[in-house]
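Engineer: Here's a sequence, model it:
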Amino acid sequence: MKNIHSIEFYTGSKEELLPDFKNDFPYIASRAELDKYAGRYVPWHWHKTVELFYMESGSLAYDTPGGKLLFPAGSGGMVNSNVLHMTKAISQREKNIQLLHIFDVSLLAGEQGSRIWQKYIAPVITAPQIEIIPFFPGNAADEKILKLIATSFRLSGDEFGYEMKLRETLSEIWLMLFERSCSMREKKGEYNKNNDKIKLMMIYIHEHYREKISIPELAASAYLSERECYRVFHDCLHMTPVDYIKSYRLQVACQMLAGGQESVTTVSHDCGLGSSSYFGKVFREYAHCSPTEYRRKWQNSDR
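Structural biologist: Okay, here's the model as predicted:
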């Protein structure tokens, strides 16, 4: 299981980049240490893969276009395929550890269109009303799922039959969450076209963050008016397009500072934030330290 402290985006689709994800076994296990992320949060992102998680310690807030859910230690959940989401640690002091199974549903169903796919997978991942399925202690059915998720992380990749044992365990968990999602699936839900629009605009920002981005240009990338652009950002990400552009540039700056030796002035210009004085001001507001202090902290750490 790999410890992770930051997020990267895949160059082609601008989805989350998943290191070590292989087509011959589309699965990775991660141990996310949220207290080591810049700002103690994971920014807005999406991925085709399903995310099954367990909170080992700390408390986490999940935001989706549909709202917010809080997950204390001992709880868990499933984030559905292609759902926009962000997470943030609730406390600034306590250790925050999240264990994650991230996998393509083909691991369980085989080829798309198989009987397993049609009966047990598609009804969940194609339900637009299902963004997150939460599991909380205190509910007998949920506790059974949580126990199985927690123990599944003890499987070792070195033991004989690991891949088959893991797939068997994930299949058992999926059957339980399939039953758990029955009431959610019964509620009618229509696909929100804003999800496609916001992703188009996010991709445009990810491709042009080094340049000056005007709101009319951003809106045009998703065939929207300026007014609709602001509405879609508010409805989906609960922030303005200007705020998202700035936050993405700061995320890029953090990656550059942590992984390179470029001067602060070079970083500020390369991430689209202009002068080093302005960059220093907004970076301190974002990371609660100067760019130089941030670089020293991350390059001297043993993460």
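Engineer: ok, the nearest residue to residue 144 once chain neighbours are set aside - how many residues close by?
Structural biologist: Residue nearest to residue 144 in three dimensions, not counting chain neighbours: residue 176, with 6.8 Å by CB to CB, 6 or more residues apart in numbering. From N, CA and C alone the C-beta is placed, and that goes for glycine too. Using other CB atoms under 10 Å, residue 176 has 17 neighbouring residues.
Engineer: my read: residue 176 touches residue 146, true?
Structural biologist: No. Counting by CB atoms under 8 Å, residue 176 does not reach residue 146; the two are 10.1 Å apart.
Engineer: So what sits opposite the residue nearest the centre of the chain in the bridge?
Structural biologist: Nearest to the mean C-alpha position of the chain, counting by CA atoms, centre = their mean, stands residue 45 at 4.9 Å. Beta-bridge partners for residue 45, by DSSP bridges, are residue 85.
Engineer: sorry, back to before: list the contacts of the residue nearest to residue 144.
Structural biologist: The contact partners of residue 176, by CB atoms under 8 Å, 6 or more residues apart in numbering, come to 141, 144, 145, 148.
Engineer: Is it correct that the last one is in contact with residue 171?
Structural biologist: No. Residue 148 is not in contact with residue 171 according to CB under 8 Å; the separation is 11.0 Å.
Engineer: so what's residue 64 up against?
Structural biologist: Taking CB under 8 Å, 6+ apart, we find residue 64 in contact with 83, 84, 85, 131, 132.
Engineer: tell me the two of these that are most distant?
Structural biologist: 84 and 132 (11.2 Å; CB to CB).
Engineer: Am I right that residue 205 falls within a helix?
Structural biologist: Yes. Applying DSSP: H, G, I helix; E, B strand; the rest coil, one finds residue 205 inside a helix.
Engineer: can you count the residues close to it?
Structural biologist: Count around residue 205 with other CB under 10 Å applied: 19.
Engineer: about what we covered before: just the contacts of residue 176: which are in strands?
Structural biologist: Judged by DSSP state E, the contacts of residue 176 include no members of strands.
Engineer: Among those residues, name the buried ones.
Structural biologist: 145, 148 (16 or more other CB atoms under 10 Å).
Engineer: Narrow the contacts of residue 176 to those in helices?
Structural biologist: 141, 144, 145, 148 (DSSP state H).
Engineer: Now these in a markdown table, please, with extra columns for distance to residue 67 and pLDDT.
Structural biologist: Shown next, in a markdown table, are the ones in helices among the contacts of residue 176 (distance: CB to CB, whole Å; pLDDT from 0 to 100):
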| residue | distance to residue 67 | pLDDT |
| --- | --- | --- |
| 141 | 22 | 88 |
| 144 | 26 | 94 |
| 145 | 22 | 95 |
| 148 | 27 | 94 |
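Engineer: and of those, the nearest to residue 208?
Structural biologist: Using CB to CB, these come closest to residue 208 at residue 145, 42.3 Å.
Engineer: Could you tell me which residues make contact with the closest one?
Structural biologist: Residue 145 touches 76, 135, 173, 176, 177, 180, counting by CB under 8 Å, 6+ apart.
Engineer: would TSV of the residues you listed with distance to residue 126, secondary structure and pLDDT be doable?
Structural biologist: Shown next, in TSV, are the contacts of residue 145 (distance: CB to CB, whole Å; DSSP: H, G, I helix; E, B strand; the rest coil; pLDDT from 0 to 100):
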residue	distance to residue 126	secondary structure	pLDDT
76	22	strand	96
135	21	strand	95
173	19	helix	96
176	19	helix	94
177	15	helix	94
180	17	helix	91
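Engineer: By neighbours, which of the residues you listed wins?
Structural biologist: Ranked by neighbour count (other CB under 10 Å), the contacts of residue 145 have residue 135 at the top, with 27 neighbours.
Engineer: Roughly how far does that residue sit from residue 141?
Structural biologist: Residue 135 is 8 Å from residue 141, where distance means CB to CB, to the nearest Å.
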